[in-house]
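Colleague: Build me a structure from this.
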Amino acid sequence: MTEESLLAVVEDEGAYAWLDDALQGSGRIERVSRSDLSRVLRLLEATNSTVALVEVSDVDSSQSMAVITALSNARPWITVMALCRYADQETLLQCMRAGARDCVIVGCEAVELRDRLRRHQLVRPGHVGDELTSRTKNLILVAGVSPRVDTTFLTQNIAATMASCSSQQTTLAIDVVSNSEQIFHLENRGTYDLTQLLASPDTVDHTLIETALEEYRPGLRLLAGGTGVDFLGDQGVDLFIALSRLMGMFDRIILNVGCEQHSSWIKTIGVHVSDLIVAAHPEVGQLKAVREHIANWRPHLPKDSEVHFVIDGYESAIPPSLDDVNGSTGVEVAAAFPMDWKHRLESINLGVPIRESAPRSAYNRKMNGLVSDLMGGRDPNIKSVQGGWVAKLMHGNKA
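Modeller: Modelled structure (predicted):
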């Protein structure tokens with residue numbers, strides 16, 4: 001049998017020592033901690049492993065099950081073998097439901113483990129060799145290269161414009177940098193946020209969404225991040241699971257991660273991203289950062305995902321020109337939004353999308369162009385709300 005890499009998500013030193021000894025000659029073991037989900041997913045791609053062995057902890061089995069589910073979602077054709085201390089019926093059922101295809105008792109005879117491993121390796125998956133991917137890749141992620149870039153405003157208007165194209169399609173906009181007191185820059189308050197969702201990711205279903213998240217506009221729901229929460233630490237696996245479930249419930253998800261931990265977000269959930277929107281001001285330092293960030297982020301995205309570079313606060317009369325920006329960043333500018341401060345401030349103070357407060361503004365025209373590109377040429381003006389300030393009276397501040 002040709003030696004190949006085996007991914008082992010094992011915490012216990014004794015269990016790893018047994019595994020290493022039992023699999024001598026069966027393949028190179030790549031050990032990784034379950035707490036580092038981004039590394040687990042990257043190793044799947046780097047090693048092209050067809051089998052992953054995941055230790056099921058007696059102390060925290062829910063995290064072990066979450067890892068199994070995450071691996072199964074990221075690469076449905078991989079064979080996950082659960083390593084358990086005991087093979088009681090309940091544990092076996094939990095492992096199978098999470099996505100494991102086999103369950104092995106830690107400490108069993110080495111020949112038994114090797115034989116079962118060999119059988120799984122001989123059944124070559126149809127997609128072996130494909131890139132790291134997602135079952136449902138409908139996540140648009142927005143990141144800024146500087147805290148000064150208002151990705152919250154950018155994201156809320158992308159979401160509102162996309163939702164306006166078809167109320168039959170469902171959109172979830174998530175702003176991880178805001179709390180439930182005010183989601184995005186919109187007059188909308190909620191009692192449910194991402195923190196609460198991650199407390200029990202396995203319970204996420206349509207009933208919960210309908211109950212906890214009221215429609216802000218037809219087809220559009222909003223979710224705040226929460227306050228003082230590290231979504232990418234111990235909750236990295238829960239985040240991956242929750243997003244996988246949400247992606248199956250909405251036609252699209254638009255996620256604003258801002259600037260604070262953008263790289264960690266992309267490393268953790270990049271496999272799900274269909275479109276990455278990178279926003280920057282036309283400043284030399286930020287433009288340099290764009291090139292560096294995109295180069296670092298690209299390996300964490302599926303090959304068929306699109307990267308869109310957006311300039312915020314562009315002034316055509318002030319250098320650099322768009323041609324200079326394209327040359328310095330190595331990326332073509334997808335949209336150059338003018339500062340248009342009057343209409344931005346009006347939109348923020350009213351707490352409504354700019355397409356409702358100032359539909360004829362230069363900013364909104366650029367937004368329509370960007371969304372048209374994101375939606376494959378569809379015209380976002382079809383259902384544009386007219387009337388400027390009148391929109392405030394017609395729609396109100398719907399919570």
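Colleague: close enough to count as contact, V40 and V9?
Modeller: Yes. Counting by C-beta atoms under 8 Å, V9 is a contact partner of V40 at 6.1 Å. In short, each C-beta sits where N, CA and C put it, glycine included.
Colleague: what touches both of these two?
Modeller: Jointly contacting V40 and V9 under the rule C-beta atoms under 8 Å, 6 or more residues apart in numbering are V32, R34, V67.
Colleague: In terms of helix, strand or coil, where does the second one fall?
Modeller: Using DSSP: H, G, I helix; E, B strand; the rest coil, the three-state assignment for R34 comes out as coil.
Colleague: what about it, how many neighbours?
Modeller: A count of nearby residues for R34, using other C-beta atoms under 10 Å, gives 23.
Colleague: how far does stretch 206-225 sit from the chain's center?
Modeller: Computed by C-alpha atoms, centre = their mean, to the nearest Å, the separation of stretch 206-225 from the middle of its chain amounts to 18 Å.
Colleague: pLDDT (mean, whole number) over it?
Modeller: In this model, stretch 206-225 has a mean pLDDT of 90.
Colleague: do stretch 290-303 as well
Modeller: pLDDT averaged over stretch 290-303 gives 90.
Colleague: From A74, how far out is the residue nearest the centre of the chain?
Modeller: Compute the mean C-alpha point of the chain, and by C-alpha atoms, centre = their mean the closest residue is I269, 4.1 Å away. Using C-beta to C-beta, to the nearest Å, I269 is found at 10 Å from A74.
Colleague: residues shared between the contacts of these two?
Modeller: Common neighbours of I269 and A74, counting by C-beta under 8 Å, 6+ apart, are F240.
Colleague: just the shared contacts of V40 and V9 now: which is nearest T50?
Modeller: Among these, V32 lies closest to T50 (C-beta to C-beta), at 16.2 Å.
Colleague: who touches the closest one in this structure?
Modeller: Counting by C-beta under 8 Å, 6+ apart, V32 touches L7, A8, V9, R39, V40, L43.
Colleague: now swap in I140 and tell me
Modeller: Contacts here follow C-beta under 8 Å, 6+ apart; on that basis I140 touches I158, R252, I253, I254, L255, V273, S274, D275, L276, I277, L374.
Colleague: and the gap between the last one and L141?
Modeller: Here the criterion is C-beta to C-beta. By it, L374 lies 12 Å from L141.
Colleague: Name the member of the contacts of V32 that has the highest neighbour count.
Modeller: That'd be V9 among those, by other C-beta under 10 Å, with 26 neighbours.
Colleague: shouldn't that residue be in contact with A52?
Modeller: Yes. In this structure, V9 is within contact of A52 by C-beta under 8 Å, at 6.7 Å.
Colleague: hang on, the earlier thing: the residue nearest to the centre of the chain reaches A143, doesn't it?
Modeller: No. Counting by C-beta under 8 Å, I269 sits too far from A143 to count as a contact (11.7 Å).
Colleague: Please name the residues that touch the nearest residue to Y86 once chain neighbours are set aside.
Modeller: Spatial nearest neighbour of Y86, excluding adjacent residues (C-beta to C-beta, 6 or more residues apart in numbering): I105 at 7.4 Å. By C-beta under 8 Å, 6+ apart, the contact set of I105 is C84, R85, Y86, A87.
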